[in-house]
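Chemist: Structure of the sequence below:
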Amino acid sequence: MTDETTQEDVSQTTPDEQPKAETATAKKKKTDAQRKKEFEANRKAMDDLCELYPQAFNPRQPKPLKIGIHEALAEDGKLSKTRIRRALNVYVRLRSYYACMVEGADRVTIDGSAAGTVSAEDASHAKEKLDAIDKRRAERAAKAKPKDKAKAKAKPKAKPKKPAQPKVSAEDQENRLQRKLEALVNKPKND
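Modeler: Numbers count the residues shown, from 1 in each chain. Model prediction:
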């Protein structure tokens with residue numbers, strides 16, 4: 001085989017032989033259905049965690065969790081490590097969880113007992129995250145308002161009008177009714 005043959009072989013690749021980098025990026029992009037499925041799985045894992053350990057996990061009134069609580073959850077063996085990771089990822093990113101992370105607040109273990117306090121650094125980090133969430137919510141609300149105003153200002157679409165029916169006099173109606181009755185009476189009977 002010569003160098004010329006090798007160069008020709010390389011330049012004549014088929015679409016199936018495209019570089020793997022292109023297919024790798026295609027795999028990384030998730031579809032809406034995949035994201036929804038993942039979100040539902042994560043949410044279900046968090047719900048399971050809240051059901052199994054109500055003393056420590058309550059999304060409506062969260063408490064700061066003990067650092068390393070995932071290890072205690074894994075040792076307990078009620079959930080797999082993957083489900084624990086999914087559940088904690090959702091739980092600790094809740095707006096209400098960031099709001100409860102104030103300096104000096106007690107951290108809790110899986111049985112609800114105190115295990116340390118929230119440091120100033122942790123409280124500061126939570127405050128930053130909380131501010132970012134509130135900012136994103138405000139931006140979304142601001143974007144939604146102009147659409148709502150535009151809809152309110154737009155005139156409702158008029159219903160298409162039916163073609164006007166020719167006015168029929170009472171005499172014509174009477175004659176029409178009389179013809180129908182006569183046709184009905186004269187109709188051949190089916191026996």
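
Chemist: helix or strand for the residue nearest to residue 117 when sequence neighbours are not counted, which one?
Modeler: Beyond its immediate neighbours in the sequence, the residue positioned closest to residue 117 (C-beta to C-beta, 6 or more residues apart in numbering) is residue 104, lying 5.4 Å away. The C-beta positions use only the backbone N, C-alpha and C, and glycine is treated the same way. Assigned by DSSP states H and E, residue 104 belongs to neither a helix nor a strand.

Chemist: any idea how far residue 104 is from residue 73?
Modeler: Distance of residue 104 to residue 73, computed by C-beta to C-beta, to the nearest Å: 25 Å.

Chemist: Looking at those two, which has the bigger crowd around it?
Modeler: More neighbours surround residue 73 than the other of residue 104 and residue 73, with 25 against 9 (other C-beta atoms under 10 Å).

Chemist: which ones are touching the more buried one?
Modeler: Contact partners of residue 73, counting by C-beta atoms under 8 Å, 6 or more residues apart in numbering, are 49, 53, 79, 84, 88, 110.

Chemist: Filter these down to just the ones in strands.
Modeler: Taking DSSP state E as the definition of strands, the contacts of residue 73 contribute nothing to them.

Chemist: Of the residues you listed, which belong to helices?
Modeler: In this view, the contacts of residue 73 that belong to helices under DSSP state H are 49, 84, 88.

Chemist: How about the contacts made by the first one?
Modeler: Spelled out, it's residue 49. Each residue near residue 49 by C-beta under 8 Å, 6+ apart is listed here: 57, 73, 79, 83, 84, 87, 88, 91.

Chemist: let's see it at 10 Å
Modeler: For residue 49, the set of contacting residues under the criterion of C-beta atoms under 10 Å, 6 or more residues apart in numbering consists of 56-57, 59, 73, 78-79, 83-84, 86-88, 90-91, 110.

Chemist: Same check on the last one?
Modeler: Neighbour list for residue 88: 42, 45, 46, 49, 57, 65, 69, 70, 73 [criterion: C-beta under 10 Å, 6+ apart].

Chemist: Of these, keep whichever come out buried.
Modeler: Among the contacts of residue 88, the ones that count as buried by 16 or more other C-beta atoms under 10 Å are 42, 45, 46, 49, 57, 65, 69, 73.

Chemist: Could you name the specific helix or strand carrying the spatially most central residue of the chain?
Modeler: Nearest to the mean C-alpha position of the chain, by C-alpha atoms, centre = their mean, lies residue 36 at 6.1 Å. Residue 36 belongs to helix 32-52 when elements are defined using DSSP H and E.

Chemist: what about stretch 58-78, start to end distance?
Modeler: The distance separating the two terminal residues of stretch 58-78, taken as C-alpha to C-alpha, to the nearest Å, comes to 18 Å.

Chemist: May I see the ones in helices among the contacts of residue 73 organised as a markdown table, with distance to residue 178 added?
Modeler: A markdown table is the format used below for the ones in helices among the contacts of residue 73 (distance: C-beta to C-beta, whole Å):
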| residue | distance to residue 178 |
| --- | --- |
| 49 | 81 |
| 84 | 86 |
| 88 | 85 |
